[in-house]
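Visitor: Predicted coordinates and the sequence they were generated for:
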Amino acid sequence: MTAPLAPGAQLRHGRVALALSFFVQGAVFALLVTRIPAIQDRYGISDGLLPVFLAAVPVLAGVGSIVTEQLVKRVRPSRVLRCVQPVVCLALLAVGSAGSMAQVAVALAAFGLAVGALDASMNMLGVSLQRAYGRSIMLGFHAAYSLGGIAGASLAWAGAHWKLSLGLLYGPVVAVLVPLAVVVGRWFVDQRDVAAPGKSEPVQSAEAIPGPPGPTSAPHAPAASAAAVTPVAMRLLLPLCLVMAFAYIGDSTVSNWSAKYLQDVLGSSEQLATVPYNVYMVTTLLGRAVGDLGVRRFGAVAVVRCGTVVAAGGFAVVAAAPGAWAGMAGFTLLGLGLCVIVPQTFAAAGRYAYDSQGAGASDMAVARLNIFNYVGFLIGSPLVGALGDAWSYRGAMLVPMALVLVTLVYARSFGAPRAGYGDRHERPRTADVG
């Protein structure tokens, strides 16, 4: 029998596995959203019905996140993620190979439900791993998601360029991603597998605790204890929930309106209008790739405040831009600013719940917070569109700017004396785990 992994190696393997899981999800989601026009054409979905299909996915994802909050009381988040990620990949394939509009509706519904559970469980594992590491690593996971999104969007572009059918595009990708998701799932690590910094022994589930069989062995003790966890009151999480929703309103504004804004308002060419979102994705990746270093050095509160100011500045530049290139500079600033807010919001919610109610409450808080991801996604695009039609698109860009600036009011929610990470902010830990 091989010797068990040392705690440091276990955490490193768990970190790499979870980063790959974020990458897979980023690629799958990008492959879906960037091919929506092709999906609409293939199944003859009318312009009036398409918004219903698109809205159903985040609504059902919110339902999936709510279900996951209850599920993790009895099942480890790592097991939830291990099960739902292949389902998300297969649902993508079903969207591309369905035979009728009814079938694609079922496939999209399955995609939405599974994505909600996946997003919640992925971020639960990210928060617990960051806690075990004792320093900021959450932005790195979301950087992997951004990298996956760029890869997925690039594959979608290639499929459109070579006029591949959806089935032919999605089939080989899913054939690679499903085995990858299954394999990396074996290495996931959650908070029941490792000790938090400063604790000498990992927390074990009751199934792993040796003891005689019978009523006194209590194989279901973890479920009972998890069910008894008192969740953090929603009113205490509300500031972070608002920050999450407003950040996604900003993000959906860029993803849905950047091309139209550059072409119709700033007078760019059709080709140039496709550039801002690509620049936004790249700057989001770069900002997240180095963001953890900033959190370790300056603390989460300072990084979130800086990101908020930069994002608000980006919206201001976009609203006042005299031409297309100035507009692209604004969208670049948006990527650099918004990229840090969402990962740090998850980290702050999990940290606050863990400190006040324990590990089980942390998972529940992340699941609740995740719902507001979809709230922002649902509100952002219609809000800007309605304001643009009724008022002006330049003025409409000031509304997400104002909403993002609300983050400054709640910035102190991102830090606590025990929770600042970094050279001068880091909690004591017994060993460096990589």
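Guide: Looks like it arrived, so ask away.

Visitor: so what's the residue lying closest to residue 151 once chain neighbours are set aside up against?
Guide: Nearest residue to residue 151, sequence neighbours excluded (CB to CB, 6 or more residues apart in numbering): residue 27, at 5.1 Å. Quick note: C-beta positions are derived from backbone N, CA and C, even for glycine. Applying CB atoms under 8 Å, 6 or more residues apart in numbering to residue 27 gives the contacts 148-149, 151-152, 155, 173, 177.

Visitor: How confident is the prediction for residue 27, by pLDDT?
Guide: For residue 27, the pLDDT comes out at 95.

Visitor: Throw the contacts of residue 27 into TSV and include secondary structure, thanks.
Guide: Shown next, in TSV, are the contacts of residue 27 (DSSP: H, G, I helix; E, B strand; the rest coil):
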residue	secondary structure
148	helix
149	helix
151	helix
152	helix
155	helix
173	helix
177	helix
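
Visitor: what's the spacing between the residue nearest to residue 151 and residue 164?
Guide: Between residue 27 and residue 164 the distance is 16 Å, computed by CB to CB, to the nearest Å.

Visitor: what about the helices in the stretch 51-200 of the chain?
Guide: For the stretch 51-200 of the chain, applying DSSP state H, counting those that start in this stretch gives helices covering 77-97, 101-133, 138-161, 166-185.

Visitor: which strands and helices sit next to the first one?
Guide: Translated: helix 77-97. Under the contact definition 3 or more CB pairs under 8 Å, 6 or more residues apart in numbering; DSSP states H and E, helix 77-97 sits against helix 7-33, helix 50-71, helix 101-133, helix 166-185.

Visitor: Columns distance to residue 410 on top of those helices, output as JSON lines?
Guide: Listed next are the helices and strands packed on helix 77-97 as JSON lines, based on distance: least, CB to CB, whole Å:
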{"stretch": "helix 7-33", "distance to residue 410": "25"}
{"stretch": "helix 50-71", "distance to residue 410": "21"}
{"stretch": "helix 101-133", "distance to residue 410": "18"}
{"stretch": "helix 166-185", "distance to residue 410": "35"}
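
Visitor: Most tightly packed of the ones you listed?
Guide: helix 101-133 (a mean of 24; mean count of other CB atoms under 10 Å).

Visitor: what pLDDT does the most centrally placed residue in the chain get?
Guide: For the chain, residue 119 is the residue whose C-alpha lies nearest the centre (CA atoms, centre = their mean; 5.9 Å). At residue 119 the predicted local distance difference test score is 97.

Visitor: isn't it right next to residue 371, touching?
Guide: No - counting by CB atoms under 8 Å, residue 119 does not reach residue 371; the two are 9.8 Å apart.

Visitor: Helices along the stretch 301-434 of the chain, start to end?
Guide: 324-338, 341-357, 359-390, 393-396, 398-409.

Visitor: And for the last one, what's in contact with it?
Guide: Helix 398-409 is touched from outside by 239, 242-243, 246-247, 249-250, 253, 304-305, 308-309, 311-312, 315-316, 319, 337-338, 341, 380, 383-384, 387, with contacts defined as CB under 8 Å, 6+ apart.

Visitor: so how far is that helix off the chain centroid?
Guide: Its chain's average C-alpha position is 20 Å from that of helix 398-409, according to CA atoms, centre = their mean, to the nearest Å.

Visitor: report the angle between the axes of it and helix 359-390?
Guide: 150 degrees (axes from the mean of the first three to the mean of the last three CA atoms, to 10 degrees).

Visitor: buried residues in helix 398-409?
Guide: In terms of neighbour count (16 or more other CB atoms under 10 Å), helix 398-409 has its buried residues at 398-401, 403-404, 407.

Visitor: Just checking, which helix or strand of the protein averages the lowest pLDDT?
Guide: Among the secondary structure pieces of the chain, namely its helices and strands, helix 221-227 has the lowest mean (mean pLDDT, DSSP states H and E), a mean of 41.

Visitor: returning to that earlier point: need the contacts of residue 27 in TSV (columns: pLDDT and distance to residue 187).
Guide: TSV is the format used below for the contacts of residue 27 (pLDDT from 0 to 100; distance: CB to CB, whole Å):
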residue	pLDDT	distance to residue 187
148	95	18
149	92	23
151	94	21
152	92	23
155	93	25
173	97	22
177	98	16
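
Visitor: these two touch, right, residue 256 and residue 388?
Guide: No - Residue 256 lies out of contact with residue 388 (CB under 8 Å); the separation is 11.0 Å.
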